[in-house]
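In: Turn this into a model:
(chains A, B and C)
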Amino acid sequence: MTSIPRDQWYVAAYASEIGQELFSRTICGEPILFWRTRSGQVTAMSDRCVHRRFPLSQAPSRLVDDQVICGYHGFTYGTDGNCVAVPGQTRVPRTARLQPYRLAEQDSFVWVFIGDPGKADAAKIPRATYLDSPDYTTVSGMEPLKARFSLLVDNLLDLSHETYLHGGYIGTPEVADTPITTEVDDEHDIVYVSRHMDDAECPPFYAKSTGLHGRIARWQDIEYTPPCLYKLHSRIAPVGCLPNADGSDPDAFHVEVVYAITPETEHSTHDFWAVARDFALGDEEVSAFLAENNRTVVLQDVEALDVLETVISTEPMGYQELSINIDTGGLAARRILRRLAGEQVRAAAS
Amino acid sequence: MTSIPRDQWYVAAYASEIGQELFSRTICGEPILFWRTRSGQVTAMSDRCVHRRFPLSQAPSRLVDDQVICGYHGFTYGTDGNCVAVPGQTRVPRTARLQPYRLAEQDSFVWVFIGDPGKADAAKIPRATYLDSPDYTTVSGMEPLKARFSLLVDNLLDLSHETYLHGGYIGTPEVADTPITTEVDDEHDIVYVSRHMDDAECPPFYAKSTGLHGRIARWQDIEYTPPCLYKLHSRIAPVGCLPNADGSDPDAFHVEVVYAITPETEHSTHDFWAVARDFALGDEEVSAFLAENNRTVVLQDVEALDVLETVISTEPMGYQELSINIDTGGLAARRILRRLAGEQVRAAAS
Amino acid sequence: MTSIPRDQWYVAAYASEIGQELFSRTICGEPILFWRTRSGQVTAMSDRCVHRRFPLSQAPSRLVDDQVICGYHGFTYGTDGNCVAVPGQTRVPRTARLQPYRLAEQDSFVWVFIGDPGKADAAKIPRATYLDSPDYTTVSGMEPLKARFSLLVDNLLDLSHETYLHGGYIGTPEVADTPITTEVDDEHDIVYVSRHMDDAECPPFYAKSTGLHGRIARWQDIEYTPPCLYKLHSRIAPVGCLPNADGSDPDAFHVEVVYAITPETEHSTHDFWAVARDFALGDEEVSAFLAENNRTVVLQDVEALDVLETVISTEPMGYQELSINIDTGGLAARRILRRLAGEQVRAAAS
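Out: So this is what the prediction gives:
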């Protein structure tokens, strides 16, 4: 594992995915077992019995009273990963312990820390508060990607692809035509990419959900906190309508599009996506429309990125790609990701 | 091939599988062609034409009068593997010869010697005479395993897994709870593992076949002769019923469970299984029940071991597992297998 | 890529396969995009956008007025491979250029030059003029082969396999029995293999198409120009019927069987086949019969060669095959192919 930054927080799941049964997901190459205890806490540990490697999430392994019993030989572990019973003897070896993981449940996600638990600081997890705010209505999902996570980072940092790959959904000519501005906050490792279209066609995704038609002002403000959390602040308003001086913006529609980009392995990714809106809050029809449409858009990306992964895996070594202005944000993101991955390598070496 | 011992006898097939047609099976990575000659003898040779590698077991290759004719260019071989005809010329090159294999048909199996034929001594093949004895009735089968053979050795040497993986079939709590005794015969390379349960629940596998109900005495005496032959002497009797001083044991039921563990490749295995009983000899219903139940149990193992193979293939190098008392037999078996594989490597080096 | 000769012409497609839409085929490991311009010319360039590698043949990429627009971010290329437009800016980087390929449309094929375009000399492409001559009627096809191209070269240079692999179609005992003569033109790198059967059984392929029955004279004259073009001049005539002294041959039937052997990757091949005849020119029934029969024969080869590729990929290093007289032509072809591949390696090194 060289390209995936370690000592980092990653989204492992939606909080709603984890209940009082065994749940397994591989994060950054590590198979992790999750469950929610009877007291409602999520717990996480290595999904591989210390004895003969059997996955603890695999039947006939089972959860009994907040303890997981291995389905192969019955090794039994508590919520802290410590082994509490083994077959054929009463003494449990002291080293019989599953690696536990640091967790945080926040903004509808379960975050897991991959790397040295001593470095885990939950205060550093980036926020996306609208995802469980009463002022927003959110639809969400997760699509498995058979491509390295950096291809999804490239994809999301350069939205000019909406015009071509997502035409008829969220793309219009103005997205590709309008130049971007990029800013990098080197202190907090955040990449900002903005594209403000002041007079643009309204794509079906926004026309049908907001009721706006004809020309619109459409702002896209990206905020990416490597490695995992990507937020697109999308503002839709009638042409000429600006936010007020005090920041209030009553005549605009705001859509917060969030992606959590979590490597499953070096060559596959969990592509979490969520769409939070501050309008039509109780309108189930709008929710259903946005959910289905955004999933279609995500699947268009998945199809394209899966192809790129195959292309990369068969191309000759040292192939050089060509970058232009639209890639400024993506290249900045790559630099940060390379540095984060490198820090981990240097730390391991010293 | 480093983990598979060579210069060893392996079960290639049940004798009943090989008739007067071409039959191919890969043993220890070597594709081998078998057929039974018109005189009833099994013959075995490399299943790859010396000319352009075409498999001699593959149509339109065919057997004519104890000679196999290659389906690609017609190279023709006799039962000793020697080439007797080639196309377009009458002279047959002297080196045109398929590698022949040493064979032995014994105890319902066809054994094949993998390695240097000069070292093959059929007297050293371990016996399982009950498999074709009139005093026993036997059911048997073979399941392909997509896992390295050592995972099956581990599995069979530690029967505490019956309680968890085979609950409802052959497992009861007492199997995992009862300590084992292990003995290693270093002179003959045999591992013995015994577990005598004097007062145990009778699992369905034995209840339905013997008619015994309630508590039983259940003895499991394993005798493993690496690399291939595994025998489990299983004794079922009413609680308190012991064998007589002269060794006779008229009130007990004896089930001889035999496994032949034959590597197909480094990462796949032929899992031969047989169940011989000394009771209800002519009872077809008992035979059908034991055959179906044991196959189910074997498939539970296959499913678990196939998963373990995948786990191992994706885990980081140098992963350490943890062993306890129940693993004493399995660890002894691994030591012998490592030594046998190492001898072959040293012999090749010198 | 070490076994595939570069700086060579290969058949990429039938001319009829390429119209005014995007068409992609991988040749010698290089994915190539083809289309026919509005003026009727075939054009070819790398099928991978210079920006982020997206295949230009993949939807939603599309062709508009002889320009291809990438379906990911809209990079747009002309028929010469030069980029003419990129998103978000008016300046197009000078290095934004797809690798163009030298092409020749000839004898019903589109030939592409793989390697250094400066070395491409279309005059050196071998001819098969009958494939679009009015004096012949041709049926043709292409079958994908999951085997290295050299296995198909072996197969076609030694037709004794017709007797075994294609019995009942084109094989009779005489093919394997009749010795061959082989000649190598070292100046022009052509291998000739001839087998003249003066009194042979007429196989169904020729009996049904020519109407000849009983014994025939059957001549097979192979002419292989490595790496790609293979021609089999097949002459069928009543026994004793010879060509006239002036070369005319009015009582014989001539079938020109052509193969173009084009590596797709190191381990897969495009197997183009064509059958041209100088008799029954307008007879649709004969055309349909020959097309279906030859395709069946090709698929018999495909099945056998796919198996051989698997055999080779699992055999130990350094496996030695055995060759006899029938292999003289194939061995000569291998020598030339090795030299052609080696020249390229030496050129790259210097």
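
In: how much space between the residue nearest in space to the middle of chain A and A:A274?
Out: The centre of chain A sits closest to A:A260, judged by C-alpha atoms, centre = their mean, with a distance of 1.1 Å. Separation of A:A260 from A:A274 (C-beta to C-beta, to the nearest Å): 8 Å. No exception for glycine: its C-beta is placed from N, CA and C like everyone else's.

In: Same check on A:Y77?
Out: Separation of A:Y77 from A:A274 (C-beta to C-beta): 32 Å.

In: Kindly report the residues of the stretch 201-350 of chain A close to chain B.
Out: Residues of the stretch 201-350 of chain A lying near chain B by C-beta under 8 Å from any C-beta of the partner chain: A:T265.

In: can you map out the strands along the stretch 201-350 of chain A?
Out: A:215-225, A:229-238, A:253-265, A:268-277 (DSSP state E, counting those that start in this stretch).

In: Could I get the ones you listed in CSV, plus columns for mean pLDDT?
Out: Shown next, in CSV, are these (pLDDT from 0 to 100):
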stretch, mean pLDDT
strand A:215-225, 97
strand A:229-238, 98
strand A:253-265, 98
strand A:268-277, 98
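
In: Which one, of these, ends up nearest to chain C?
Out: Between chain C and these, the tightest spacing by C-beta to the nearest C-beta is seen for strand A:215-225, at 12.8 Å.

In: What residues does chain A have near chain C?
Out: Neighbours of chain C within chain A, by C-beta under 8 Å from any C-beta: A:154, A:158, A:160-161, A:163-165, A:167, A:176-180, A:304, A:307-308, A:311-312, A:314-315, A:319, A:321-326.

In: Backbone dihedrals for the closest residue to A:D283 other than its chain neighbours, both of them.
Out: Sequence neighbours aside, A:T137 is the residue nearest to A:D283 in space, at 7.9 Å (criterion: C-beta to C-beta, 6 or more residues apart in numbering or on different chains). With angles defined as degrees, to the nearest 10, A:T137 sits at phi -110, psi 130.

In: Tell me where chain A is predicted with low confidence.
Out: Counting by pLDDT under 70, chain A has low-confidence residues at A:1, A:344-350.

In: contacting residues around the residue of the stretch 51-200 of chain A found nearest chain C?
Out: Residue nearest to chain C within the stretch 51-200 of chain A (C-beta to the nearest C-beta): A:A176, separated by 3.8 Å. With contact set as C-beta atoms under 8 Å, 6 or more residues apart in numbering or on different chains, A:A176 has these partners: A:160, A:162-164, C:73-74, C:87-88.

In: Equivalent analysis for A:E266, please.
Out: Listed by C-beta under 8 Å, 6+ apart, the contact set of A:E266 reads A:1, A:3-4, A:29, A:148.

In: Swap in 10 Å and give it another go.
Out: By C-beta atoms under 10 Å, 6 or more residues apart in numbering or on different chains, the contact list for A:E266 reads A:1-4, A:28-29, A:148-149.

In: Help me confirm that the residue of the stretch 51-200 of chain A closest to chain C is found in a helix?
Out: Yes: note on A:A176: a helix contains this position according to DSSP: H, G, I helix; E, B strand; the rest coil.

In: Tell me which residues of the longest helix belonging to chain A come out buried.
Out: Ranked by number of residues, the top helix in chain A under DSSP state H is helix A:284-314. The neighbour-count criterion (16 or more other C-beta atoms under 10 Å in any protein chain shown) identifies A:286-287, A:289-291, A:293-295, A:297-298, A:300-302, A:304-309, A:311 as the buried residues of helix A:284-314.

In: cool, and stretch A:177-192?
Out: Buried residues in stretch A:177-192, counting neighbours by 16+ other C-beta under 10 Å, are found at A:177-178, A:180, A:182, A:184, A:189-192.

In: what's the span of it from first residue to last?
Out: The first residue of stretch A:177-192 is 19 Å away from its last residue (C-alpha to C-alpha, to the nearest Å).

In: and if you look at stretch A:116-129?
Out: Counting by C-alpha to C-alpha, the length from the leading to the trailing residue of stretch A:116-129 is 27 Å.

In: what about that stretch, distance to the chain center?
Out: 15 Å (C-alpha atoms, centre = their mean, to the nearest Å).

In: Stretch A:6-24: which residues count as buried?
Out: Neighbour-count burial for stretch A:6-24 [16+ other C-beta under 10 Å]: A:6-15, A:18, A:22-24.

In: which residues does A:R215 contact?
Out: A:R215 makes contact with A:174, A:197-202, A:238-240 under the criterion C-beta under 10 Å, 6+ apart.

In: Please repeat the previous calculation with a cut-off of 7 Å.
Out: Going by C-beta atoms under 7 Å, 6 or more residues apart in numbering or on different chains, A:R215 touches A:199-201, A:239.

In: Taking the stretch 151-300 of chain A, what residue is nearest to chain B?
Out: A:T265 (7.9 Å).

In: what about that residue, how many neighbours?
Out: Other residues within reach of A:T265 by the criterion other C-beta atoms under 10 Å in any protein chain shown amount to 17.

In: Leaving aside the residues adjacent along the chain, what's closest to it?
Out: In space, A:T265 comes closest to A:G29 once its chain neighbours are excluded; the distance is 5.3 Å by C-beta to C-beta, 6+ apart.

In: wait, doesn't the one you found sit right on A:H267?
Out: No: A:G29 is beyond contact range of A:H267, at 10.2 Å (criterion: C-beta atoms under 7 Å).

In: now the closest residue to A:D66 other than its chain neighbours: how far from A:D107?
Out: For A:D66, the nearest residue in space outside its immediate sequence neighbours is A:T37; the separation is 5.1 Å by C-beta to C-beta, 6+ apart. As judged by C-beta to C-beta, A:T37 and A:D107 stand 21 Å apart.

In: OK, contacts around the residue in chain A positioned nearest to chain B?
Out: Among the residues of chain A, A:P87 lies nearest to chain B; the distance is 3.8 Å by C-beta to the nearest C-beta. With contact set as C-beta under 7 Å, 6+ apart, A:P87 has these partners: A:73-74, B:160, B:176, B:326.

In: mind checking how far it is from B:P203?
Out: Taken as C-beta to C-beta, the span from A:P87 to B:P203 is 16 Å.

In: And for A:T2?
Out: From A:T2 over to B:P203 (counting by C-beta to C-beta), the distance is 50 Å.

In: before we move on, what about A:G88?
Out: 18 Å.

In: May I have stretch A:102-115 as PDB, with CA atoms only?
Out: Backbone C-alpha positions of stretch A:102-115 (Å, rounded to 0.1, in the frame of the first residue of the first chain) are rendered in PDB as follows:
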ATOM      1  CA  ARG A 102     -10.800   4.200  16.600                       C
ATOM      2  CA  LEU A 103     -14.200   5.300  15.400                       C
ATOM      3  CA  ALA A 104     -16.300   8.400  15.300                       C
ATOM      4  CA  GLU A 105     -20.000   8.700  14.400                       C
ATOM      5  CA  GLN A 106     -20.700  12.100  13.000                       C
ATOM      6  CA  ASP A 107     -22.700  13.800  10.300                       C
ATOM      7  CA  SER A 108     -24.500  10.500   9.400                       C
ATOM      8  CA  PHE A 109     -21.200   8.700   8.800                       C
ATOM      9  CA  VAL A 110     -19.200   6.200  10.700                       C
ATOM     10  CA  TRP A 111     -15.500   7.300  10.400                       C
ATOM     11  CA  VAL A 112     -12.700   4.900  11.100                       C
ATOM     12  CA  PHE A 113      -9.000   5.800  11.600                       C
ATOM     13  CA  ILE A 114      -6.600   3.700   9.500                       C
ATOM     14  CA  GLY A 115      -3.100   3.700  10.800                       C
END
